[in-house]
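Colleague: How does the following fold in three dimensions:
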Amino acid sequence: MKKVWRYIPINKKSIVIVISSLILITLVVLNFYQLSLTIQHNRMISNIDTSLISELDGLAQRIKEDTIPDSIVISQASKIAALSDYSSYNFHYAYTLETRLLELHYNNLSLHNVIEIKNTIKLLMEDFTNTQLINKLDSLLISK
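Modeller: Residues are numbered from 1 along each chain as shown. Prediction:
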C-alpha cells in the first residue's frame, strides 16, 4: 500500500491563527502556574503569621512575676524576632523585645508588672503597629 500525502494549503491567515493559539495556550498555562505560586506563597505567609501570633502568646504565658527571663523566654523572643522578618505584620519591635529580655537576663534583673506586660502583648497581637502599645511594653521592660 502506498501512502498518498494530500497537499494541505497553508496560507498566512492559518499560520497567524496557529501561532496566536500557541501563544494564547502558553499564556494561559503560565498564568495558572503563577496563580499556583501565589497561592502557595500566601499559604506560607499565613502560616508564618499564625506562628508569630502563637509564639507571642507563648511568650506572654511563659513570663513570670519577679523572675529573671530564662533561656526559654529568650528563645521564644528569638523565634518572634525571626518570624517577624517574614510575616505580613509590620512588627518591627520584635528584635527590640528580644534585646530587652536579653538585657534583663544578662544583668540578672527580674521582670516586674508581668500582668501589665502580658496584657500589652495580647493587645499588640491585635495591632502590631500600635506605637503607643509598643512604647508602653518597652517602658515596662525597661523599668526596674
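Colleague: which SSE is residue 138 in?
Modeller: helix 131-142 (DSSP states H and E).
Colleague: could I have that helix exported to CSV, CA atoms only?
Modeller: The C-alpha coordinates for helix 131-142 follow below in CSV (Å, rounded to 0.1, in the frame of the first residue of the first chain):
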residue,chain,number,x,y,z
THR,A,131,3.2,52.7,68.7
GLN,A,132,1.6,53.5,72.0
LEU,A,133,1.4,49.8,72.9
ILE,A,134,5.0,49.3,71.7
ASN,A,135,6.2,52.3,73.8
LYS,A,136,4.2,51.0,76.8
LEU,A,137,5.7,47.5,76.5
ASP,A,138,9.2,49.0,76.1
SER,A,139,8.8,51.1,79.2
LEU,A,140,7.5,48.1,81.2
LEU,A,141,10.5,46.0,80.2
ILE,A,142,13.0,48.8,80.9
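Colleague: Packing partners of it?
Modeller: On a contact count with 3 or more CB pairs under 8 Å, 6 or more residues apart in numbering; DSSP states H and E, helix 131-142 meets helix 94-106, helix 114-124. No exception for glycine: its C-beta is placed from N, CA and C like everyone else's.
Colleague: Now do it: distance to the chain's middle.
Modeller: 23 Å (CA atoms, centre = their mean, to the nearest Å).
Colleague: between it and helix 114-124, how many degrees?
Modeller: Inter-element angle recorded for helix 131-142 and helix 114-124: 150 degrees (by axes from the mean of the first three to the mean of the last three CA atoms, to 10 degrees).
Colleague: Direction-wise, compare helix 131-142 with helix 94-106 and give the angle.
Modeller: 10 degrees.
Colleague: which residue ends up closest to the midpoint of the protein in space?
Modeller: Residue closest to the mean C-alpha point of the chain, counted by CA atoms, centre = their mean, is residue 87 at 2.0 Å.
Colleague: hang on, it packs against residue 52?
Modeller: Yes. Residue 87 is in contact with residue 52 according to CB atoms under 8 Å; the separation is 4.8 Å.
Colleague: Thanks a lot, catch you later.
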